[in-house]
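Chemist: Mind looking at a prediction? Sequence and model below.
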Amino acid sequence: MSTNNPLLGESLNDIRSFVAIAETGSFSKAAEKLNASRAHVSRQLSQLEARLGVQLIIRTTRSQRLTSAGEISLSAAAPRCHSWMKPFFLPVMMQMPCAAIFRSIALAASLVKA
């Protein structure tokens, strides 16, 4: 697998943003944690939801909460995401089969849709 694949980094970042939003309970706190803008984190979540074809987080003007698909997807993604965030793990992360990680999250989300 080539590390020059732009979808690899994009997909991993979308998943990482989802995990950060879910764990902090806030788009603003997630953006701060990821050193990104709130709008960027929100866009990454929307991209992930579009690829999965399922809503992961219900957003209101005052709060957000995980859907059942979001809860299952978080349990599939969070353990891997915590490893990715370690600086020494970054070179290994770029060699990980992103498609396999995404498939595990997609499978988890699809179980809720069915």
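Modeler: Alright, I've got the coordinates. None of these values were measured; they are calculated from a predicted model. Residues are numbered from 1 along each chain as shown.
Chemist: gap between Leu12 and Arg65?
Modeler: Per Cβ to Cβ, to the nearest Å, Leu12 is found 24 Å from Arg65. Heads up, the C-betas are built off the backbone N, CA and C, glycines and all.
Chemist: Can you pick out the residue with more neighbours from those two?
Modeler: Leu12 (19 against 12; other Cβ atoms under 10 Å).
Chemist: What helices and strands are in contact with the longest helix anywhere in the chain?
Modeler: Across the chain, the longest stretch assigned as helix under DSSP state H is helix 6-24. Judged by 3 or more Cβ pairs under 8 Å, 6 or more residues apart in numbering; DSSP states H and E, helix 6-24 is in contact with helix 27-34, helix 38-52, strand 57-59, helix 68-84, helix 98-113.
Chemist: Tell me which of the ones you listed lies nearest to Val19.
Modeler: helix 68-84 (4.3 Å; Cβ to Cβ).
Chemist: ok and that closest one relative to helix 38-52, angle-wise?
Modeler: Angle, helix 68-84 to helix 38-52, by axes from the mean of the first three to the mean of the last three Cα atoms, to 10 degrees: 120 degrees.
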